[in-house]
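Novice: The sequence and its predicted three-dimensional model are supplied below.
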Amino acid sequence: MANTPSSQRLQHQVALVTGGSSGIGAGVAKAMAAEGATVVVNYAHSAEEAKAVVADIEKAGGKAVAVKADVSKEDEVLAMFAQIREQFQTLHILVNNSGIQQDATFLEMTLEQWQKVIDVNLTGQFLCAREAAREFVRRGPQPEISRATGKIICMSSVHEVIPWAGHVNYATSKGGIMQLMKSMAQELAPHKIRVNSIGPGAIKTPINNEAWETPEAAEKLLTLIPYGRIGETDDIGKVAVWLASDEADYVTGTTIFADGGMTLYPGFADNG
């Protein structure tokens, strides 16, 4: 395979980032575009935000388009992948990033709150990963572009391992993503399709701004982060680029936690 500059590790590849219109998804989309990928920025509702991400990518010299689809709906996922094939012929990278929270105590949580989070966070990842894998197998290897036939990155969370009272639906979805990712990785490895997850900790995004927007909230949050800072979306973007690149070609079936040490259970640091 021909060597490319380190700043273009994803050159000639098409990447789909679901939920790419804001937060971590937007950070990942921009990071992949900066490395040479053509990025499909998926959104479910926020067309203006998605277009703004595309504009930022294009302003920086990259290539991107915005595509609408609710990942929890099979017909919309199928239509999105058909559009990608029509416009770009194929796909090389899927970042399964779409996710929502609908919080409630366990005793008060409604079936609707439970089902909506599972539908988007877990079923949505299944549907998109299935279609991506089908496309990778259909296309076959392109060793001149990527050593792997295809790459799937599931956006999980520290809560695939850390229980989270008041967020049972969300934590359950992330625990499910862990086994979805590992089982897909096991089954798809013979096709040279790599599947991994990223487990972000506390990242400054709109979904959790209440946890860090005031000095008091930030100070409380930092007690859970041994490394002493709250993460930025760029921290996750860099991990996603690496996982999608040939530098990570021998990595499959694992979760990389980018969490400043949150999964080290810092509450036990002085009470071991």
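Specialist: Received it, and whenever you're ready, just let me know what you need. Note that the structure is predicted; figures quoted are calculated from it, not measured. Numbering: from 1, shown residues only.
Novice: Now for the residue nearest to residue 131 when sequence neighbours are not counted: which residues touch it?
Specialist: Sequence neighbours aside, residue 81 is the residue nearest to residue 131 in space, at 4.5 Å (criterion: CB to CB, 6 or more residues apart in numbering). Quick note: C-beta positions are derived from backbone N, CA and C, even for glycine. For residue 81, the contact set (CB atoms under 8 Å, 6 or more residues apart in numbering) comprises 91, 131-132, 135.
Novice: Can you get me a residue count around residue 60?
Specialist: Neighbourhood size, residue 60 [other CB atoms under 10 Å]: 11.
Novice: what's the spacing between the nearest residue to it once chain neighbours are set aside and residue 172?
Specialist: Excluding the flanking residues, the one nearest residue 60 by CB to CB, 6+ apart is residue 34, at 6.6 Å. Residue 34 sits 34 Å away from residue 172, going by CB to CB, to the nearest Å.
Novice: got it, and residue 128?
Specialist: Distance of residue 128 to residue 172, computed by CB to CB: 19 Å.
Novice: ditto for residue 181
Specialist: 15 Å.
Novice: Those two - which one has more neighbours?
Specialist: Each of residue 181 and residue 172 has its neighbours counted (other CB under 10 Å); residue 181 has more, 25 against 18.
Novice: wouldn't that one be in contact with residue 156 here?
Specialist: Yes: contact between residue 181 and residue 156 holds when scored by CB atoms under 8 Å: they sit 7.2 Å apart.
Novice: what touches both of the two?
Specialist: Common contact partners of residue 181 and residue 156 (CB under 8 Å, 6+ apart): 197, 255.
Novice: Can you tell me, leaving aside adjacent residues, what's nearest to residue 233?
Specialist: Closest to residue 233 by CB to CB, 6+ apart is residue 27, at 2.8 Å.
Novice: again, but for residue 194
Specialist: residue 252 (4.2 Å).
Novice: Over to the one you found. Which of the three states is it?
Specialist: coil (DSSP: H, G, I helix; E, B strand; the rest coil).
Novice: isn't it right up against residue 192?
Specialist: No: with contact defined as CB under 8 Å, residue 252 and residue 192 do not form a contacting pair (9.6 Å).
Novice: okay, those two: which has more neighbours?
Specialist: Ranked by neighbour count (other CB under 10 Å), residue 252 and residue 192 place residue 252 first, with 22 against 18.
Novice: Tell me which residues touch that one, please.
Specialist: 185, 189, 194-196.
Novice: again, but for residue 182
Specialist: So residue 182 contacts residue 253 (CB under 8 Å, 6+ apart).
Novice: Can you read off the pLDDT for residue 91?
Specialist: Listed pLDDT for residue 91 reads 98.
Novice: In three-state terms, how would it be classified?
Specialist: Per three-state DSSP, residue 91 ends up coil.
Novice: what are the phi and psi values for it?
Specialist: Main-chain torsions, residue 91, degrees, to the nearest 10: phi -140, psi 150.
Novice: same deal with residue 188?
Specialist: The phi/psi pair for residue 188 (degrees, to the nearest 10) reads phi -90, psi -10.
Novice: For it, give me its contacts.
Specialist: Contact analysis of residue 188 by CB under 8 Å, 6+ apart lists 133, 152, 195.
Novice: can you check residue 40 too?
Specialist: 14-17, 20, 64-67, 84, 88, 91.
Novice: Which one (most neighbours) among these?
Specialist: If you rank the contacts of residue 40 by neighbour count (other CB under 10 Å), residue 17 sits at the top with 34 neighbours.
Novice: Was I right to think that one contacts residue 24?
Specialist: No: using CB under 8 Å, residue 17 makes no contact with residue 24, being 9.3 Å away.
Novice: Residue 83: how many residues sit nearby?
Specialist: The number of residues near residue 83, taken as other CB under 10 Å, comes to 15.
Novice: confidence score at it?
Specialist: 98.
Novice: right, and the helix or strand after the strand or helix carrying it?
Specialist: Residue 83 belongs to helix 74-88 when elements are defined using DSSP states H and E. Using DSSP H and E, the next helix or strand after helix 74-88 towards the C-terminus is strand 93-96.
Novice: just checking, next helix/strand downstream of that next one?
Specialist: Criterion used, DSSP H and E; the element after strand 93-96 is helix 111-118.
Novice: who does that next one touch, helix- and strand-wise?
Specialist: Other helices and strands packing on helix 111-118, by 3 or more CB pairs under 8 Å, 6 or more residues apart in numbering; DSSP states H and E, are helix 168-188.
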